[in-house]
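Visitor: here's my sequence, what's the structure:
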Amino acid sequence: MRNRLRSFMAARNGFDQLGLALTAGALFLSLLGQVIRRSLPEFLGMVLLVWALYRMFSRNLARRQAENLWFLGRVRRLKSGVQGWFIRLRQSREYRFFQCPGCKNRLRVPRGKGRIHITCPRCGHRFSGKT
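Guide: This is a model prediction of the structure:
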């Protein structure tokens with residue numbers, strides 16, 4: 001039995017991070033639909049589950065891997081943004097944060113210095129700000 005399943009799944013995508021996220025989203029929406037007694041979240045949960053199963057049994061490995069890499073890139077970007085927000089929140093008593101108008105780089109300046117001229121280390125743009 002195990003060999004049959006292994007041979008069936010041999011050239012298929014299987015379960016990856018996007019599949020896990022789709023399955024978790026399907027479970028969440030199904031439970032939400034049960035709690036609020038509406039059918040739309042349950043239907044959307046079933047759509048996500050069918051999509052996850054389609055991806056799992058798909059033989060187009062290159063396309064599924066590209067989708068998973070796209071998903072992982074978005075998750076990494078979201079995670080780094082949230083971590084950066086928490087770091088800025090933790091440091092907000094000692095530092096003031098500015099965004100460079102030239103390159104959109106985030107700059108950290110000590111508080112309590114008054115109005116100062118700030119030079120971006122990345123692009124060299126000069127601007128002023130009050131700390």
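
Visitor: how does this protein divide into domains?
Guide: The chain is divided into the following domains under automatic domain parsing: 2-90, 93-131.

Visitor: pretty sure Leu61 sits against Ala10.
Guide: No - Leu61 is beyond contact range of Ala10, at 11.1 Å (criterion: Cβ atoms under 8 Å). Every C-beta, even on glycine, is put in place using the N, C-alpha and C of the backbone.

Visitor: how long is stretch 93-108 from one end to the other?
Guide: In stretch 93-108, first residue to last residue: 12 Å (Cα to Cα, to the nearest Å).

Visitor: which element is Phe15 on?
Guide: Under the criterion DSSP states H and E, no helix or strand holds Phe15.

Visitor: ok, now how distant is the closest residue in space to it that isn't next to it in sequence from Phe127?
Guide: In this structure, Phe15 finds its nearest non-sequential neighbour in Met56, 5.8 Å apart by Cβ to Cβ, 6 or more residues apart in numbering. Relative to Phe127, Met56 is positioned 51 Å away (Cβ to Cβ, to the nearest Å).

Visitor: give me the more crowded residue out of those two.
Guide: Met56 (17 against 14; other Cβ atoms under 10 Å).

Visitor: state the distance from that one to Leu5.
Guide: 13 Å.

Visitor: thanks a lot, see you next time.
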